[in-house]
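Asker: Here is my input, please return the structure:
(one chain, ligands or ions: 2)
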Amino acid sequence: MGDDPSAIAIPTRSAGLRRWVDECVTLTCPDRVVWCDGSPAERKRMLAEAVAAGVLIPLNHTKRPGCYLHRSNPNDVARTENLTMVCTPTREEAGPTNNWLAPDEAYAKLRGWFGGSMRGRTMYVVPYIMGPPDSPFSKVGIELTDSIYVALSMGTMTRMGRAALDLLGDSDNFNRGLHGTLDVNPERRLICHFPQDNTIWSAGSGYGGNALLSKKCFALRIASWMAREEQWLAEHMMIVGIENPQGQTTYVAGAFPSACGKTNLAMLTPPHSMKGWKVHTIGDDIAWLRIGPDGGLWAINPEAGYFGVAPGTNQKSNHNAMKMLARDTIFTNVATTPDGDVWWEGIDEPPPEGLIDWQGRLWRPNSGEKAAHPNSRFTCPMRNNPVLSPHVDDPQGVPISAIIFGGRRAATVPLVLESHDWTHGVLMGATMGSETTAAAVGQVGVLRRDPMAMLPFCGYNMGDYFAHWLRMGKLLHKPPKIFMVNWFRKDGDGRFLWPGYGENLRILRWMIDRIHGRARGIDTSVGIVPNPSELDLKSLDLPPDRLRESLKIDRSEWKAEVAAAGDFFRKIGPTLPDPLEATRHAIAAKLEASAGRADGA
Ligand code: OXD
Ligand code: MN
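Answerer: Ligands and ions are numbered 1, 2, ... in the order given. Prediction:
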């Protein structure tokens, strides 16, 4: 260990960091410790090592330079929410929506599993910064991992290496993440968060959401805890700038559950008819939002790369992603073609003969099995994104004019709905529902309440989290408008009513018109919907009755929705803030009173 040259080459001035690495080395007993410096030479060396070890398979470097395939253990292909714990001293602090373990119990159990677990392996010390290096809002984390795939992925997903140690200096204020692959056995898999210790211990999984500790574990679960203490917000949101033909850019942040199109929305291609409109990506998954000196909400993207869902990504759904995936990308659990390229369901190219499935077997078209895993992924640096915003590194972030909450709803929720005020917007977010996807282990397509798309990611009591959102509204002098969207409403035959993807810009445009006072909308009991005449529908082949159907507010569906929200609130229990329940009751009363109205809402 001590004789590894890289351990000497990157000293840290942080005594706290040295002490903690020593403790973890004593516990896990790796053969070698490598301090990652984040240099291109190091990456080249580690890629070669990963290939030699069979962890990565090089793809066709003529077609896809710098691209690799990783195949997971088939038991380890998605986040395991049932094995994800918030370890606060009391169960109440974790709240009714989180799994809880007492810190002593969690540490003791994991200490047992980690003991000697890195014998014969290398421990990578991965220092990283979440956020632009010059931002006062950025934070340092260190992940210790025995997975070269994780270390390489962290190099893409974060600002990784020497810069993080420089920023840390002699401080011991950093997130302590210990990750061990162990024997990839679901029986010995736990992802434990200790918010009071700024610590994460993740054991037994190599899957991104469980093992890249910067992402869900630090930037959401631990950061949401910090955000409450420090009066900011850590959210599961994409951030995008939308520039109109006059050159004015409006930034919006949008919370959608996993695999509901955040990445596509963050880099959408405007429809041909919307000449002069441009989209600039700030982030596709996580936003850290602060109150700026102007009293408005400002956002940074703490990440530096995208860990996106491959299936369904194609030239139409995300032309920019297809471009950025042409190089420097690690693909996980996709299918591969005989000439060493990638393939997945929904790539919009026929599967070539001789396709190899995500488990490395010859795929048979009639087998009824997917060639790529439904949660197969790409890990790609944000610098590859052709529409990356020039403001992505701005230390203060970008000003947010609107927050969008969106889910996957076959019925009830219209294409877009604006809240009446902040509290109503928080209610919309708090009660949003979505049909589950393959991003987490479990049944797919089941409606569940997923408040602010944070159900699996909020690091503390959900009722306290709602109260924090309400408090933030009071602190903001210029609160953003809050909208709810649903790109996924279906007709009676199960077909999507709205074309989605790039066409969603037409809906964003209406939001921007609302923000700048250029559209009136139609007020209903449950929020403001567009008057169809206010929507830019130029060259859109959508029959008026389908548009009407997608915007419809059905009174009986909404009565059921508001009642279901009440059921969910009862599960939150005593921490639920009164204003949310009062607003829900007021809407229920308005729905009752509107029984005689023509639109019924
Ligand atoms: C993700 C997720 O990977 O939400 O972003 O699961
Ligand atoms: Mn996500």
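
Asker: hey, where'd the helices end up in the stretch 201-350 of the chain?
Answerer: Per DSSP state H, counting those that start in this stretch, the stretch 201-350 of the chain carries helices over the ranges 208-211, 223-230, 262-266, 319-324.

Asker: deepest of those helices, which one?
Answerer: Comparing the helices of the stretch 201-350 of the chain by mean neighbour count (mean count of other Cβ atoms under 10 Å), helix 262-266 comes out on top with a mean of 27. The C-beta positions use only the backbone N, C-alpha and C, and glycine is treated the same way.

Asker: follow-up on the earlier one: with mean pLDDT and distance to ligand 1 added, can I get the helices of the stretch 201-350 of the chain in CSV?
Answerer: As requested, the helices of the stretch 201-350 of the chain are exported to CSV (pLDDT from 0 to 100; distance: least, Cβ to the nearest ligand atom, whole Å):
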stretch, mean pLDDT, distance to ligand 1
helix 208-211, 96, 5
helix 223-230, 98, 14
helix 262-266, 96, 8
helix 319-324, 98, 14
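
Asker: now the residue in the stretch 151-300 of the chain positioned nearest to ligand 1: how far from Ile282?
Answerer: Closest to ligand 1 within the stretch 151-300 of the chain is Ser258: 3.1 Å, counting by Cβ to the nearest ligand atom. Distance of Ser258 to Ile282, given as Cβ to Cβ, to the nearest Å: 19 Å.

Asker: Same question for Ser153.
Answerer: Ser153 is 21 Å from Ile282, by Cβ to Cβ.

Asker: how near is the one residue in the stretch 51-200 of the chain that gets nearest to ligand 1 to Val446?
Answerer: Going by Cβ to the nearest ligand atom, ligand 1 is nearest to Arg79 of the stretch 51-200 of the chain, at 5.5 Å. Using Cβ to Cβ, we find Arg79 at a distance of 16 Å from Val446.

Asker: neighbour count winner among those two?
Answerer: Between Arg79 and Val446, counted using other Cβ atoms under 10 Å, Arg79 has the larger neighbour count: 22 against 9.

Asker: ok, what's across the strand from that one?
Answerer: On the basis of DSSP bridges, Arg79 is bridged to Ala440.

Asker: Bridge partners for Met484, pull those for me.
Answerer: Beta-bridge pairing of Met484 under DSSP bridges involves Phe405, Leu417.

Asker: mean confidence for the biggest helix by length in the chain?
Answerer: When the chain is parsed with DSSP state H, its longest helix is helix 555-572. Here helix 555-572 scores 96 as its mean pLDDT.

Asker: Check stretch 117-124 too.
Answerer: On average, stretch 117-124 scores 98.

Asker: what about this protein, any weak spots by pLDDT?
Answerer: 1-10, 596-601 (pLDDT under 70).

Asker: Which segments of it make up each domain?
Answerer: Using automatic domain parsing, the domain parsing of the chain gives 5-35+79-230, 234-301+392-593, 306-384.

Asker: Which one of the ones you listed lies nearest to ligand 2?
Answerer: The minimum distance between ligand 2 and the domains of the chain falls on domain 234-301+392-593, with 4.4 Å, by Cβ to the ion.

Asker: Report the distance from that closest one to the chain centre.
Answerer: 15 Å (Cα atoms, centre = their mean, to the nearest Å).

Asker: Give me the distance between the two termini of it.
Answerer: Using Cα to Cα, to the nearest Å, the end-to-end distance of domain 234-301+392-593 comes to 38 Å.

Asker: can that domain be found next to ligand 2?
Answerer: Yes - using Cβ under 5 Å from the ion, domain 234-301+392-593 reaches ligand 2 at Ser258, Asp285.

Asker: ok, back up a step: with respect to Ala440, which of the helices of the stretch 201-350 of the chain lies nearest?
Answerer: helix 208-211 (8.0 Å; Cβ to Cβ).

Asker: Enumerate the residues of the stretch 51-200 of the chain near ligand 1.
Answerer: Residues of the stretch 51-200 of the chain lying near ligand 1 by Cβ under 6 Å from any ligand atom: Arg79.
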